[in-house]
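**Q** fold the following and give me the result.
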Amino acid sequence: MKFVCSRPLLACLFAMLSFMACRREETPVPSDALTLNETASLYTTSGGDAAIAVSWYELQLKLIRETSGFTPPVAARAIAYTGVTLHEAVVWGMRGMPTLKGQLNGLNYLPTPERGKSYNWSVAANSALAAITRDMFPNASAANQELITQLEINNLEVLSDSCNQEEVIRSVNFGRQVAGGIYQWSVSDGGKDGYLNTFPADYVPPVGPGLWVPTPPLFQRAMLPYWGNNRPFIKPRSSDTVWIKHPAYSTDTASTFYKASFLVYNTVNTLTPEQNLIARYWADGGGTFTPPGHLIAITAQLAEEQHLSLFAAAKVLTQVGIGLNDAGILCWKYKYKYNLLRPVTYIRAQIDSTWLPLIGTPPFPSYTSGHATFTSAAGNILAANFGSSFSFTDKQKVPEGFSPRSFSNFQSMIQEASVSRVYGGIHYQFDSEAGQTTGKDIATRVLSLQY
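**A** This next block holds a predicted model:
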């Protein structure tokens, strides 16, 4: 029987949510768990649109900006686990939508719904996203922790306007169980406490010609030097150990390396107003939502603008999240494999001792470009979902004083974000080209899974 949810019911649910938010336990295996072949037709589907999911991503973008330690790779990790949690909270509500259990690296157990019971998948998604957000941002401020609780309550109140009491409680519990299972999977990936140890004191960078050294003006230690050892979501291929080569380091003015460095120097010194704008638009440095945050924000924006269903939104948000996480791991693996010096170091030593880039140089090696890798992975995944000729307008930097920026297709976004780092003076062109290549390869692997 359906009925309008009473305030006592909501109060009971909110009390349950508050109690459960304080607990983190192993997820029990349901006694009547379904097999993969027992399809979603066994359940009553209550779908809904992407708005509930988007609300959580919007809050996470605020948390990335305001929570200590959320550098680009750490942010990408949180975004990825959020996407998988969303996917697995709603997967049983859509016929033919396969679970990622068994497809992702090390994800071997997840709870399944009770046979023959009805679920509200938007409610399940809401509670799952609330739980995983708490897990991914354990060091968020008290005020932001309260925002997590309040968003969960606000969304539940909207979703429970007309509902079956048992169905809502069952859906809340299922969402929590899914988040618990994803969190338990996450703790063994090597990145769980990355936000606590951004600049590990035990890392000693190699020394030699052409190798990275801390850069002006802050001269910070190396950031996340061990991140490339983390477990990726997509099982790695043997080819990942065949490293992409950059031009050989040389101070000879006729060498490829010198010419690449001089290109950066000359480009920054002769920037057009549009190139200057591009460099600043894509900077996404400290205190912002980071490059991965920018890309998932675009994804969430498109999901809302294109009126995607909850299930379609879950698919694309999950794919982009996985791509961002694995892009961060593989890019950082290359960075600390090569330990290549930044343009500012080379240019000041070999070309102009007073030169500085347009934007601040991040505290880690140059090769390959994180921006290019992140954007290529996300952009190619978005193109597969929306079309290679899909035009769109990125509105995500308007709060920072930028005008909306339009693109005729995702490839033009990839190219612009990649070259922005050359315009900014912090990457060589070959850094960006290699990043685009590895990002595209990551996207291909992400898209090869069944969603």
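**Q** which residue ranges of the protein form strands?
**A** Remark: strands assigned in the chain by DSSP state E are 3-4, 45-46, 119-120, 162-163, 392-394, 405-407.
**Q** let me see the ranges of the helices in this protein.
**A** 7-21, 51-66, 72-90, 121-136, 142-159, 165-186, 256-269, 273-281, 290-305, 310-338, 343-350, 370-386, 410-423, 429-447 (DSSP state H).
**Q** out of these, which one sits most buried?
**A** helix 72-90 (a mean of 29; mean count of other CB atoms under 10 Å). For every residue, glycine as well, the C-beta is placed using N, CA and C.
**Q** ok, back up a step: can I get the helices of the chain in a markdown table including mean pLDDT and distance to Met97?
**A** Shown next, in a markdown table, are the helices of the chain (pLDDT from 0 to 100; distance: least, CB to CB, whole Å):
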| stretch | mean pLDDT | distance to Met97 |
| --- | --- | --- |
| helix 7-21 | 49 | 26 |
| helix 51-66 | 98 | 15 |
| helix 72-90 | 98 | 8 |
| helix 121-136 | 98 | 11 |
| helix 142-159 | 97 | 20 |
| helix 165-186 | 97 | 14 |
| helix 256-269 | 98 | 46 |
| helix 273-281 | 98 | 36 |
| helix 290-305 | 98 | 16 |
| helix 310-338 | 97 | 6 |
| helix 343-350 | 98 | 46 |
| helix 370-386 | 98 | 15 |
| helix 410-423 | 98 | 24 |
| helix 429-447 | 97 | 15 |
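**Q** quick one: closest of the ones you listed to Thr361.
**A** helix 343-350 (5.3 Å; CB to CB).
**Q** what residues does that closest one touch?
**A** 212-213, 215-216, 251, 257-258, 261, 264-265, 354-357, 361, 366, 425-428 (CB atoms under 8 Å, 6 or more residues apart in numbering).
**Q** to Gln220, which of the helices of the chain lies closest?
**A** helix 343-350 (13.2 Å).
**Q** would you quantify the distance from the residue positioned nearest the centre of the chain to Thr290?
**A** Central residue of the chain (CA atoms, centre = their mean): Ala76, 3.1 Å from the mean position. Applying CB to CB, to the nearest Å, the value for Ala76 to Thr290 is 8 Å.
**Q** do the same with Phe402
**A** Separation of Phe402 from Thr290 (CB to CB): 16 Å.
**Q** could you find the closest non-adjacent residue to Glu66?
**A** Leaving aside its chain neighbours, Glu66 sits nearest to Asn144 (6.3 Å; criterion: CB to CB, 6 or more residues apart in numbering).
**Q** gap between the one you found and Thr82?
**A** 15 Å.
**Q** same question for Glu152.
**A** Taken as CB to CB, the span from Glu152 to Thr82 is 14 Å.
**Q** picking up where we left off before, nearest to Ala201, of the helices of the chain?
**A** Of these, nearest to Ala201 by CB to CB is helix 310-338, at 16.0 Å.
**Q** what angle separates that closest one from helix 72-90?
**A** 150 degrees (axes from the mean of the first three to the mean of the last three CA atoms, to 10 degrees).
**Q** same for helix 310-338, what does it pack against?
**A** helix 51-66, helix 72-90, helix 121-136, helix 290-305, helix 370-386, helix 429-447 (3 or more CB pairs under 8 Å, 6 or more residues apart in numbering; DSSP states H and E).
**Q** helix 370-386 and the fourth one, what's the angle between them?
**A** Right, helix 290-305. 20 degrees.
**Q** what do you get for the last one?
**A** What separates the directions of helix 429-447 and helix 370-386 is an angle of 40 degrees, with the same axes, to 10 degrees.
**Q** ok so, going back, can you say which of the contacts of helix 343-350 are buried?
**A** Neighbour-count burial (16 or more other CB atoms under 10 Å) applied to the contacts of helix 343-350 gives 212, 215, 257-258, 261, 264-265, 356-357, 361, 366, 425-428.
**Q** got the domain ranges for this structure?
**A** 3-186, 206-447 (automatic domain parsing).
**Q** what's the separation between Arg445 and Gly191?
**A** On the measure of CB to CB, Arg445 and Gly191 end up 19 Å apart.
**Q** Ala384 touches Ala443, doesn't it?
**A** Yes. With contact defined as CB atoms under 8 Å, Ala384 and Ala443 form a contacting pair (7.4 Å).
**Q** give me the distance between stretch 208-215 and the centre of its chain.
**A** Computed by CA atoms, centre = their mean, to the nearest Å, the chain-centroid distance of stretch 208-215 equals 29 Å.
**Q** make 654 the starting number, not 1.
**A** Okay, using 654 as the starting number, the last item reads as stretch 861-868.
**Q** what does that stretch contact?
**A** Stretch 861-868 is contacted from outside by 858, 873-875, 902, 910, 992-995, 997-998, 1014, 1016-1019, using CB under 8 Å, 6+ apart.
**Q** hmm, 6 Å instead?
**A** Gln873, Tyr902, Asn992, Leu994, Arg995, Val997, Thr998, Thr1014, Pro1018 (CB atoms under 6 Å, 6 or more residues apart in numbering).
**Q** then stretch 873-887?
**A** Identification of contacts with stretch 873-887 by CB under 6 Å, 6+ apart yields 726, 757-758, 842-844, 851-852, 856, 858, 867, 975, 978-979, 982, 985-986, 989, 1016-1017, 1098.
**Q** hmm, 7 Å instead?
**A** Applying CB atoms under 7 Å, 6 or more residues apart in numbering, the external contacts of stretch 873-887 come out as 724, 726, 733, 757-759, 842-844, 847, 851-853, 856, 858, 867, 975, 978-979, 981-982, 985-986, 989, 1015-1017, 1098-1099.
**Q** what average pLDDT does it get?
**A** Averaged over stretch 873-887, pLDDT sits at 98.
**Q** buried residues, it. List them.
**A** The neighbour-count check on stretch 873-887 (16+ other CB under 10 Å) flags 874-881, 883-887 as buried.
**Q** figure out how far that stretch is from the centre of its chain.
**A** Distance, stretch centre to chain centre, for stretch 873-887: 15 Å (CA atoms, centre = their mean).
**Q** again, but for stretch 802-813
**A** Using CA atoms, centre = their mean, the offset of stretch 802-813 from its chain centre is 24 Å.
**Q** using CSV, list the CA coordinates for it.
**A** Output in CSV follows, covering the C-alpha atoms of stretch 802-813 (Å, rounded to 0.1, in the frame of the first residue of the first chain):
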residue,chain,number,x,y,z
THR,A,802,24.1,14.8,6.9
GLN,A,803,21.8,17.6,5.9
LEU,A,804,21.9,16.7,2.2
GLU,A,805,21.1,13.1,2.9
ILE,A,806,18.1,14.2,5.0
ASN,A,807,16.9,16.8,2.5
ASN,A,808,17.1,14.4,-0.4
LEU,A,809,15.3,11.6,1.5
GLU,A,810,12.5,14.0,2.4
VAL,A,811,12.0,14.8,-1.2
LEU,A,812,12.1,11.2,-2.3
SER,A,813,9.8,10.0,0.5
